[in-house]
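S.K.: model this:
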Amino acid sequence: MTTIQVAPPNIEVITLPIKGRTPLIVHRFDEKARQEMLEKQMKKAKGPKKAKDPEACYQRSRYLFDSDGGDGFPAVAFKSAAVRAAKMVDGLTMTDARQMFFVVADGRTKTGEECVRIKGEPKMREDVVRISGGTSDLRYRAEYMEWSCELTIEYDADTISAEVIVNLFSRAGFSVGVGEWRPEKNGNFGTFTIGDTK
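M.R.: Residues are numbered from 1 along each chain as shown. This next block holds a predicted model:
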């Protein structure tokens, strides 16, 4: 019988300081909207439509840590941005990049989203958006004009180097971005730069 030996992953950690270049717009999926979808699928009778509460809509758009109520943003969004940037690098596929590194969350929201902590003061943003049927609606979301965070990246040093990771996130910050209306989605919000790494 042949003995197969597999080396364990060579896990290392790097910290990336992130500084926003353009405002970050967040839009957490609304629990109220989720409940309305469920009621519609269950064919429950709808009552009269309630008046829109801009302040409540704005607050529900934020990712707030369950532990202390601080502001966060999904860790997976930063990873997805870097994975998307891998498409622009010769010799590295998005599929491979997806398995080589992970962004470690700083905590969770009450509904379980794993987030990194965002430093910055949010303000309410009002936008006119197109919805199905060609009609328009107003959306109220949180916007961080100046923001930063610190990403903790775990990676397998046998498959990818710290230098490649830094460069991937640097490209992601310039050409992909995070949040609503980022460059990947035809906007210019949510772009960022990388500071000195640890």
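
S.K.: Flag every buried residue along stretch 58-70.
M.R.: Going by neighbour count (16 or more other CB atoms under 10 Å), the buried part of stretch 58-70 is 58, 60-65. The way it works is simple: take the backbone N, C-alpha and C, and place the C-beta from them, glycine included.

S.K.: who touches Lys87 in this structure?
M.R.: 93-94 (CB atoms under 8 Å, 6 or more residues apart in numbering).

S.K.: Can you name the element that comes right after the lowest-mean-pLDDT helix or strand in the chain?
M.R.: Using mean pLDDT, DSSP states H and E, the weakest-scoring helix or strand in the chain turns out to be helix 31-41, at a mean of 54. Using DSSP states H and E, the next helix or strand after helix 31-41 towards the C-terminus is helix 54-60.

S.K.: Please compute how far the following helix or strand past that following helix lies from its chain's middle.
M.R.: As assigned by DSSP H and E, the chain's next helix or strand after helix 54-60 is strand 63-64. How far strand 63-64 lies from its chain's middle: 12 Å, per CA atoms, centre = their mean, to the nearest Å.

S.K.: Likewise for stretch 84-94?
M.R.: Distance, centroid of stretch 84-94 to centroid of chain: 19 Å (CA atoms, centre = their mean).

S.K.: Convert it to CSV, retaining C-alpha atoms only.
M.R.: What follows is stretch 84-94 as a C-alpha-only set of coordinates in CSV (Å, rounded to 0.1, in the frame of the first residue of the first chain):
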residue,chain,number,x,y,z
ARG,A,84,-11.7,40.0,-8.5
ALA,A,85,-8.4,41.8,-8.9
ALA,A,86,-6.7,38.5,-9.4
LYS,A,87,-8.4,38.4,-12.8
MET,A,88,-6.0,41.2,-13.9
VAL,A,89,-2.9,39.2,-12.9
ASP,A,90,-1.2,36.8,-15.3
GLY,A,91,-0.8,33.3,-13.9
LEU,A,92,-3.3,33.7,-11.0
THR,A,93,-7.0,32.7,-11.5
MET,A,94,-9.9,33.9,-9.4
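
S.K.: Going by residue numbers, what spans are helices in this structure?
M.R.: Here the chain has its helices, by DSSP state H, at 31-41, 54-60, 75-85, 94-100, 162-175.
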